[in-house]
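In: return a 3D structure for these sequence lines:
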Amino acid sequence: MIEEQDALRAFDPYMPPGAAMIDEYFAQAVEACRQCDGSIFLAVANDEIVGFVTILTRIPHETADDGPGTYAAVMDLAVRPSRRGRGIGAALLRRAEDRARAAGAPDLRLHVLTENGGAVDLYRRLGFGR
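Out: Residues are numbered from 1 along each chain as shown. Below is the predicted model of the structure:
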């Protein structure tokens, strides 16, 4: 997550450095998983974490135009830069989709910085739209 945060700062320099936010952010991610039936899945190669995805499967709708119910969302998806282009991100996203489907989520959402072309391309290749 530290590496991912630092990479995202290239698109948004107002984001804090990874080392400065990791402890609080990880605590928030764990709490979000607890509150919204979430999971964190790791991709491991040679005993090294090379990527992860955080999926929340029961996020309550918060606005009147959404209506009642819940949805699933990918909170984070990251692959170490040295491991990108090998299908790890796609496999993690498929795992998140499977988890959302198994939880009965009616739809799966995600957010991405539009400047993050690699992530946008991955999501489009896997069938996600705007």
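In: only C-alpha atoms for contact and neighbour calcs from this point on.
Out: Fine.
In: grab the longest strand from this protein for me.
Out: Looking across the chain with DSSP state E, the single longest strand is strand 48-60.
In: and that one, what does it pack against?
Out: Under the contact definition 3 or more Cα pairs under 8 Å, 6 or more residues apart in numbering; DSSP states H and E, strand 48-60 sits against helix 18-35, strand 38-45, strand 70-79, helix 88-102.
In: please state the offset of stretch 86-106 from the chain centre?
Out: On the basis of Cα atoms, centre = their mean, to the nearest Å, the separation between the geometric centre of stretch 86-106 and that of its chain is 10 Å.
In: what comes up buried for that stretch?
Out: Going by neighbour count (16 or more other Cα atoms under 10 Å), the buried part of stretch 86-106 is 88-90, 92-93, 96-97, 99-100, 105.
In: can you check stretch 63-74 too?
Out: Of the residues in stretch 63-74, those buried under the neighbour-count criterion (16+ other Cα under 10 Å) are 70-74.
In: thinking again about what came up before, how much does the longest strand of the chain deviate in direction from helix 88-102?
Out: With axes from the mean of the first three to the mean of the last three Cα atoms, to 10 degrees as the basis, strand 48-60 and helix 88-102 are set at 30 degrees to each other.
In: next one: strand 48-60 to chain centre, how far?
Out: Here strand 48-60 shows a centroid-to-chain-centroid distance of 5 Å under the convention Cα atoms, centre = their mean.
In: and it, average pLDDT?
Out: Mean pLDDT, strand 48-60: 96.
In: tell me which strands that strand pairs with, and in which orientation.
Out: Here strand 48-60 is paired, per DSSP bridges, with strand 38-45 (antiparallel), strand 70-79 (antiparallel).
In: so how far is the longest one off the chain centroid?
Out: So the one you mean is strand 70-79. Averaged over its C-alpha atoms, strand 70-79 has a centre that lies 4 Å from its chain's centre (Cα atoms, centre = their mean).
In: that strand vs helix 18-35, what angle?
Out: Comparing the axes of strand 70-79 and helix 18-35 via the same axes, to 10 degrees yields an angle of 150 degrees.
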